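J.: sequence and predicted model, in that order:
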Amino acid sequence: MLALDPRSLIAMAGVMATAMAIVLAFMRRHYPPGIRGLGYWAAAPLAWLVASVLYSGREGGLPDLLAVVGANTVLMLGTVLFHIGCQRFIGHPTRWPAWGLYLVASALGFAWFTYVEPNFQMRLVLFTTLVSAIYATNLHFLLRHGGKRLPVRMVQIVLAAHLAVLVLRLATALAGMAGAHLMEQTLLQTLYISAYVLTVLMLSIGAVLMATDRLVTELEHLATYDPLTQVFNRRALLERCEEELARSQRTGRGPCLMMLDLDHFKRLNDTHGHQHGDAVLVHFAHTTQSVLRRADRLGRYGGEEFMLLLPETGTQEARRVAQRIHTALAVGHRLDCQLSIGLTSWRGPDDTLDAMLARADQALYQAKAQGRNQTCIG
């Protein structure tokens, strides 16, 4: 394997870090504020860029305080910033004082083996151990709290791979194979710095993918769920109804459909205000979902009107579900909440969603006409 010039590799790392810092800073500015951690992720490659510049400046006469102590500490700072970005992204608290002490103690250690007892091998052992601890901490955190989304898995793999390289570097340093200085053009230095360059790039890409994946998830949620009640919106529930009817054509077991309308909701809004009305809608949605089966789907059809899909359900079972809803809403609660329900069942392969909706709607009006707070079948 060709031993590449470490200076070129470090310069490459700086260019990549600059590009990724710009991308992440742009995302922080334009992505929703609910996607947290982007500021720390943007700062991490900037720290890696500064470290690359400081490392490269040693041969140009930059003092060791900057080119060695400063470079090592700033590189570690970038790794800490990336970890904090992961914590913020997932919603965990950040322990800045502890990390601040960690970095200060690290800088003192680098200074000791630079000025008091100059020893490149011991400085390398110290640096590799300290950075490995940060990588291991972040990997453990993401394994515990990061979930199973593909971008998180990618970051976990990158962290684990670079941690393995760091362990190898530590082993070679302890074996006396550290070399004379960082810029020595050897195979081991090429392997280590190449891994560093690749890690800078892949971790930054991982952060971009994690944030984008979160944005897509949030947009899908907004497109699927009613923002007030957090049940399906009309479009999403109608899509699921069409899917269920298509499945019924294959299985021969059809669904029931309910239209549910809160009684006297307009009067309640006019009397108590829209905030109280919103609270009633939320209470109704949460209470209704608490008595439904796992496969049942509740959606907000419009205003105070809701729709309920009951897959593979006969009329009698659907009536029992309706009664459970009435009973749950009647149990003592400060919010007055009564409703009328129109119920219909699938009538065979020729039945359509439009026909079922029309029958359920007609049954709902019948329930209203007969005194409200009851269920009628259409």
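T.: All right, it came through fine.
J.: so for the strand or helix carrying residue 72, mean pLDDT?
T.: Assigned by DSSP states H and E, residue 72 belongs to helix 71-90. For helix 71-90, mean pLDDT rounds to 96.
J.: name the helices or strands packed onto that helix?
T.: When contacts are defined as 3 or more C-beta pairs under 8 Å, 6 or more residues apart in numbering; DSSP states H and E, helix 71-90 packs onto helix 38-56, helix 96-111, helix 120-145, helix 187-224. C-betas here are computed from N, CA, C, even on glycine.
J.: just the angle between the first one and helix 187-224, please?
T.: The reference is to helix 38-56. 170 degrees (axes from the mean of the first three to the mean of the last three C-alpha atoms, to 10 degrees).
J.: how near is the residue most central in space within the chain to residue 36?
T.: Centroid-nearest residue in the chain, with C-alpha atoms, centre = their mean: residue 214, separated by 4.5 Å. Computed as C-beta to C-beta, to the nearest Å, the residue 214 to residue 36 distance reads 9 Å.
J.: burial count for residue 323?
T.: A count of nearby residues for residue 323, using other C-beta atoms under 10 Å, gives 13.
J.: quick check: which element contains it?
T.: helix 315-330.
J.: list the contacts of that helix.
T.: Residues from elsewhere that reach helix 315-330 (C-beta atoms under 8 Å, 6 or more residues apart in numbering): 256, 258, 260, 284, 287-288, 290-293, 296, 308, 310, 313, 337-339, 341, 343, 345, 373-375, 377.
J.: list only buried entries from those.
T.: Burial by neighbour count, 16 or more other C-beta atoms under 10 Å: within the contacts of helix 315-330 this picks out 256, 258, 260, 284, 287-288, 296, 308, 310, 313, 337, 339, 341, 343, 345, 373-375, 377.
J.: so which of the residues you listed sit within helices?
T.: The helices in this structure, assigned by DSSP state H, contain 284, 287-288 from the buried ones among the contacts of helix 315-330.
J.: export the helices and strands packed on helix 71-90 to a markdown table and tack on distance to residue 152 and mean pLDDT?
T.: Formatted as a markdown table, the helices and strands packed on helix 71-90 follow (distance: least, C-beta to C-beta, whole Å; pLDDT from 0 to 100):
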| stretch | distance to residue 152 | mean pLDDT |
| --- | --- | --- |
| helix 38-56 | 13 | 92 |
| helix 96-111 | 21 | 95 |
| helix 120-145 | 6 | 94 |
| helix 187-224 | 6 | 90 |
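J.: and of the ones you listed, who's closest to residue 81?
T.: helix 38-56 (4.1 Å; C-beta to C-beta).
J.: which is the next helix or strand following the closest one?
T.: Criterion used, DSSP H and E; the element after helix 38-56 is helix 64.
J.: pLDDT averaged over that following helix - what is it?
T.: 90.
J.: could you shift the numbering so residue one becomes 41, and keep it that way?
T.: Understood, numbering begins at 41; the last thing we discussed is helix 104.
J.: before we move on, the earlier item: and the ones in helices among the buried ones among the contacts of helix 355-370, which is closest to residue 281?
T.: Closest to residue 281, out of all of these and judged by C-beta to C-beta, is residue 328, at 17.1 Å.
J.: would you agree that closest one is in contact with residue 337?
T.: No - if you go by C-beta atoms under 8 Å, residue 328 and residue 337 don't touch, sitting 11.3 Å apart.
J.: any shared contact partners between the two?
T.: By C-beta under 8 Å, 6+ apart, the residues touching both residue 328 and residue 337 are residue 348.
J.: before we move on, the earlier item: tabulate the ones in helices among the buried ones among the contacts of helix 355-370 (a markdown table), appending pLDDT and distance to residue 49.
T.: Converted to a markdown table, those look like this (pLDDT from 0 to 100; distance: C-beta to C-beta, whole Å):
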| residue | pLDDT | distance to residue 49 |
| --- | --- | --- |
| 324 | 89 | 62 |
| 327 | 89 | 62 |
| 328 | 90 | 61 |
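J.: before we move on, back to that, and the helix holding residue 112 with helix 136-151, angle?
T.: 160 degrees.
J.: and helix 111-130, how far from the chain's centre?
T.: 19 Å (C-alpha atoms, centre = their mean, to the nearest Å).
J.: quick one, it and helix 160-185 angle?
T.: Using the same axes, to 10 degrees: helix 111-130 against helix 160-185 is 0 degrees.
J.: can I get the CA coordinates of helix 111-130 in PDB?
T.: C-alpha atoms of helix 111-130 as PDB (Å, rounded to 0.1, in the frame of the first residue of the first chain):
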ATOM      1  CA  ALA A 111      -4.600  21.100  17.500                       C
ATOM      2  CA  ASN A 112      -5.100  17.900  19.600                       C
ATOM      3  CA  THR A 113      -7.500  19.700  22.000                       C
ATOM      4  CA  VAL A 114      -9.500  21.300  19.200                       C
ATOM      5  CA  LEU A 115      -9.800  18.000  17.300                       C
ATOM      6  CA  MET A 116     -11.200  16.500  20.500                       C
ATOM      7  CA  LEU A 117     -13.500  19.500  20.900                       C
ATOM      8  CA  GLY A 118     -15.000  18.700  17.400                       C
ATOM      9  CA  THR A 119     -15.600  15.100  18.500                       C
ATOM     10  CA  VAL A 120     -17.300  16.300  21.700                       C
ATOM     11  CA  LEU A 121     -19.400  18.700  19.700                       C
ATOM     12  CA  PHE A 122     -20.600  15.900  17.400                       C
ATOM     13  CA  HIS A 123     -21.600  13.800  20.400                       C
ATOM     14  CA  ILE A 124     -23.500  16.700  22.000                       C
ATOM     15  CA  GLY A 125     -25.200  17.300  18.600                       C
ATOM     16  CA  CYS A 126     -26.400  13.600  18.800                       C
ATOM     17  CA  GLN A 127     -27.600  14.200  22.400                       C
ATOM     18  CA  ARG A 128     -29.500  17.300  21.400                       C
ATOM     19  CA  PHE A 129     -31.000  15.700  18.300                       C
ATOM     20  CA  ILE A 130     -32.400  12.800  20.400                       C
END
